[in-house]
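A.B. asks: what follows is a predicted protein model with its sequence.
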Amino acid sequence: MKLCVLALDGAFDTGLTVLLDTFATANVLAARQGFAAAPFDVRLVGVRRRIRTALGFSAVVEPASSVHRPDWVVVPALNLKGPERVIEALQRRDVREGMALLRSWNAGGIGVAAACLGTFVLAEAGLLDDREATTTWSLAPFFRQRYPTVKLDESRMVVPSQRVVTAGSMMGHLDLALWLMRQASPELAALVARFMLVDKRSSQAEYIIPDHLAHADPLIERFERWARERLSLGFSLQDAASALAVGPRTLQRRTEAVLGKSPLAFFQDLRIERAQHLVSIGYDIETIASEVGYADSATLRTLLRRKLGRGVRELRAEMR
C-alpha cells in the first residue's frame, strides 16, 4: 500500500509522528513475519519543500506532485485550539493549496483520510458533503454549524464513507492508521496493535465531556446548568424550556443544531457522567440510580451498558 501523509505548517506533532511510527512499526514486524517486501510505502509530502510543526520542529517533505498515484492520502491534524484559530488556518494559502490537491486526488479515485482537526480540511474542501463523518468531539458543535450538510457523528472513532475516511480526536490518528493497515492486512494490524499496546476503542462517546460541549452556545450552557441541578429529579422538556424562557421546539432545535442530539439525550449524557463519577468513589448502584433520577438500578445498568459498553462491575475494575 502506498500512502502519502500530507503535512502542513503547524501540524500536530503527536498525530504526525503517530502515523509515521505506526506504519514504520508495521514494516519492521512484517519483515520479522517473513514478508517478502515492506507492505507500506509511506511518503511525507507537502505543498512546500519544508514544513514546521506546531512545536517548532522542521521537516523536509517531498513535493506532493512528485508522488505517482498513492492509494491513500492522509491529513494529520493542525494543532489549533478554538474555532477562531481553525477559521484562520483554513484561509491560509498552503492549506487552500492542500485542499485543491485533495479534491484532485479524490476525483481521480485516490482515497483521502484525516483525523482530529485534519477532518476540517476535508470538510472545507467539500469532500465530506452528504457523507457520514466524525471529528474531534471537542469541536463537534462548531463543525456541525460550519458544515451542516455533513452527516456528523462525533461519538464514532473511525468513519469510512466510500473512499473518504475520518477519525476522532488527537489519538484518533492511531485508530486511523490501524484502520488503513487493516485494509492491507488485518493480521498485521492486529499484531501491530498488540505490539504497541493499543486498546480497542470504536467510540469516542465515553471520552466526551458534556460541560465542554455546552459552552459552545449560550442557551445550551444555561440548559446544561439547569440539567445538572435536576439530575435526581428526572427530565421534562417542558420544564426545561420554561426555566430557560424559550419554547420547547426552540430548545429542541438548538440542541440538535449544536450537539446533534435531543435535550433528553444530552440529559442522559450528564446522567452517565455523574454515574461514572459516583462509581469511581465507591457509591453503591442503588444510591447512584437515585442520584441520577432513576427509580431502580436496573434501568441505570442498562443505560451504562448501552452507552459505554460496560457495566458497573467492569467500571469498578478499571478504576482499581
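C.D. replies: Received it, and whenever you're ready, just let me know what you need.
A.B. asks: after the lowest-mean-pLDDT helix or strand in the chain comes which helix or strand?
C.D. replies: Least confident helix or strand of the chain, by mean pLDDT, DSSP states H and E, is helix 210-214 with a mean of 68. For helix 210-214, the following helix or strand on the C-terminal side (DSSP states H and E) is helix 218-229.
A.B. asks: show the subsequent helix or strand relative to that following helix.
C.D. replies: Heading C-terminal from helix 218-229 (DSSP H and E), you reach helix 237-244.
A.B. asks: Leu102 is in what secondary structure piece?
C.D. replies: Per DSSP H and E: helix 93-107 holds Leu102.
A.B. asks: for stretch 223-231, give me every contacting residue.
C.D. replies: 210-211, 214, 235, 240, 243-244, 251, 255, 263, 266-267, 270-271, 274, 291-293 (C-beta atoms under 8 Å, 6 or more residues apart in numbering). The C-beta positions use only the backbone N, C-alpha and C, and glycine is treated the same way.
A.B. asks: which parts of that stretch are buried?
C.D. replies: For stretch 223-231, burial by neighbour count (16 or more other C-beta atoms under 10 Å) applies to Phe223, Glu224, Ala227, Arg230, Leu231.
A.B. asks: can you verify Cys4 is assigned to a strand?
C.D. replies: Yes - according to DSSP: H, G, I helix; E, B strand; the rest coil, Cys4 belongs to a strand.
A.B. asks: list the beta-bridge partners for it.
C.D. replies: Cys4 has these beta-bridge partners by DSSP bridges: Arg43, Val73.
A.B. asks: any idea how far it lies from Val61?
C.D. replies: 10 Å (C-beta to C-beta, to the nearest Å).
A.B. asks: which of these two has more neighbours?
C.D. replies: Taking neighbours as other C-beta atoms under 10 Å, Cys4 and Val61 compare with Cys4 leading, 26 against 19.
A.B. asks: isn't Gly10 up against Ala54?
C.D. replies: Yes - using C-beta atoms under 8 Å, Gly10 is in contact with Ala54, at 5.1 Å.
A.B. asks: identify the contacts common to these two.
C.D. replies: Going by C-beta under 8 Å, 6+ apart, residues that sit against Gly10 and also against Ala54 are Leu78, Asn79.
A.B. asks: now for this protein: which helix has the highest residue count?
C.D. replies: The single longest helix within the chain, with elements called by DSSP state H, is helix 13-32.
A.B. asks: please identify the buried residues of it?
C.D. replies: Neighbour count says helix 13-32 has 13-20, 22-23, 25-27, 29-30 buried, by 16+ other C-beta under 10 Å.
A.B. asks: may I have that helix as CSV, with CA atoms only?
C.D. replies: Below are the C-alpha coordinates for helix 13-32, written out as CSV (Å, rounded to 0.1, in the frame of the first residue of the first chain):
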residue,chain,number,x,y,z
ASP,A,13,3.4,16.7,16.2
THR,A,14,2.0,13.7,18.0
GLY,A,15,-0.6,13.0,15.2
LEU,A,16,2.1,13.3,12.5
THR,A,17,4.6,11.0,14.2
VAL,A,18,1.9,8.5,15.3
LEU,A,19,1.0,8.0,11.7
LEU,A,20,4.7,7.6,10.6
ASP,A,21,5.7,5.5,13.6
THR,A,22,2.8,3.1,13.3
PHE,A,23,3.4,2.2,9.7
ALA,A,24,7.2,2.0,10.3
THR,A,25,6.5,-0.4,13.1
ALA,A,26,4.2,-2.4,10.8
ASN,A,27,7.0,-2.7,8.2
VAL,A,28,9.5,-3.9,10.9
LEU,A,29,7.1,-6.5,12.2
ALA,A,30,6.2,-7.6,8.7
ALA,A,31,9.9,-8.3,8.0
ARG,A,32,10.1,-10.4,11.1
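A.B. asks: what's the angle between that helix and strand 2-6?
C.D. replies: 160 degrees (axes from the mean of the first three to the mean of the last three C-alpha atoms, to 10 degrees).
A.B. asks: just the element for Arg301, please.
C.D. replies: Residue-wise, Arg301 maps onto helix 297-308 under DSSP H and E.
A.B. asks: any low-confidence regions in the protein?
C.D. replies: 202-203, 205-209, 211-212, 214, 317-320 (pLDDT under 70).
A.B. asks: let me see the domain layout of it.
C.D. replies: 2-206, 209-318 (automatic domain parsing).
A.B. asks: if we can go back for a sec, so which of Gly10 and Ala54 has more stuff around it?
C.D. replies: For the pair Gly10 and Ala54, the greater number of neighbours falls to Gly10 (21 against 17), based on other C-beta under 10 Å.
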